[in-house]
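In: Need the 3D shape of this:
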Amino acid sequence: MTYVIYTIVVANKMKTVIQTLIVLTFLCSCGQKARQQEPEIQVVDKSQSESPLIEKFDNQIIKKKFGEELFKSILDTITVNNVNVDFLTRNKWIYRPFDNCESFLKFQENGIGVSYNCEMEEEYEMTYRIEGNKVFIAEYDIPHVDNEEHKRIKFRDDTYVYNSNSLVMVDSKMYNIGGLEWIPKIEVVIDYKRKKY
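Out: Numbers count the residues shown, from 1 in each chain. This is a model prediction of the structure:
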């Protein structure tokens with residue numbers, strides 16, 4: 001009798017162990033299938049979620065602002081303050097397009113001044129006038145090419161506004177020796193920071 005009970009108990013335990021093994025095998029095989037399919041699902045989801053980002057990124061590249069569009073966007077984003085001759089002449093105005101390159105504007109009280117371009121390593125004569133809250137600067141040079149008479153020409157007109165820290169360019173026109181005019185495709189904000197003398 002004890003042997004029969006012992007056999008029944010062992011058989012029940014074996015049955016339980018076998019059922020447990022079957023369930024575990026089933027669960028493991030389901031888990032492996034799920035893991036095998038999971039990366040595919042992630043790839044699909046990832047590509048679906050990244051697609052609009054790529055489109056936005058592509059649109060931003062296409063819509064990069066320069067020239068007139070850049071100038072308009074600058075005016076839309078800054079607060080413009082008034083300036084006067086004393087304010088311009090009593091401060092130093094510096095622009096650094098990159099390290100170790102310092103361009104500047106020097107204003108004199110009589111409406112003239114000097115513009116230094118560190119990239120060209122040249123100083124240019126300039127005239128300026130203030131109208132409302134804008135500073136209009138004209139720069140002059142004597143071109144070395146196609147200028148046998150050494151004729152002095154106005155080669156650019158720039159408009160600046162003051163934003164409580166810098167003179168920021170908000171318009172520009174350039175001219176060649178023949179008088180042809182164009183708007184340069186400026187892609188960066190040009191701002192001459194104020195430094196007190």
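In: List the beta-bridge partners for Val168.
Out: On the basis of DSSP bridges, Val168 is bridged to Val161, Asp191.
In: And for Thr159, nearest residue in space, chain neighbours not counted?
Out: Distances taken as CB to CB, 6 or more residues apart in numbering place Asp171 nearest to Thr159, at 3.8 Å, with adjacent residues excluded. Every C-beta, even on glycine, is put in place using the N, C-alpha and C of the backbone.
In: Just the buried residues of the strand or helix carrying the one you found, please?
Out: For Asp171, the element it lies in under DSSP states H and E is strand 166-175. Within strand 166-175, the residues scored as buried using 16 or more other CB atoms under 10 Å are 166-172, 175.
In: biggest separation within those, which pair?
Out: Spatially, the most separated pair among those is Ser166 and Tyr175, at 25.4 Å (CB to CB).
In: Residues in contact with the helix or strand hosting Tyr124: which ones?
Out: Using DSSP H and E, the element containing Tyr124 is strand 122-131. With CB atoms under 8 Å, 6 or more residues apart in numbering as the test, strand 122-131 has contacts from 83-85, 88, 105, 107, 111-117, 135-141, 152, 155.
In: now with 7 Å?
Out: Contact partners of strand 122-131, identified using CB atoms under 7 Å, 6 or more residues apart in numbering, comprise 83-85, 107, 111-116, 135-141.
In: Also stretch 169-188?
Out: Stretch 169-188 is contacted from outside by 64, 66-68, 70-71, 74-75, 143, 146-147, 153-161, 190, using CB under 7 Å, 6+ apart.
In: In helices only, show me the residues you listed.
Out: 67-68, 70-71, 74-75 (DSSP state H).
In: Show me what secondary structure element comes after the strand holding Asp171.
Out: Once the chain leaves strand 166-175, the next helix or strand it forms, by DSSP H and E, is strand 181-182.
In: Sheet partners, orientation included, of that following strand?
Out: Sheet pairing for strand 181-182, assigned by DSSP bridges, gives strand 166-175 (antiparallel).
In: and the partner strand, average pLDDT?
Out: Strand 166-175 carries an average pLDDT of 96.
In: CA-only coordinates of that strand, as CSV, when you get a sec.
Out: Taking Å, rounded to 0.1, in the frame of the first residue of the first chain, the C-alpha atoms of strand 166-175 are listed here in CSV:
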residue,chain,number,x,y,z
SER,A,166,25.1,95.9,-30.5
LEU,A,167,24.7,97.6,-33.8
VAL,A,168,23.0,94.9,-35.8
MET,A,169,22.9,94.9,-39.6
VAL,A,170,19.4,94.9,-40.9
ASP,A,171,19.9,95.8,-44.6
SER,A,172,22.8,95.9,-47.0
LYS,A,173,23.5,96.7,-50.7
MET,A,174,26.8,96.4,-52.6
TYR,A,175,28.0,98.1,-55.7
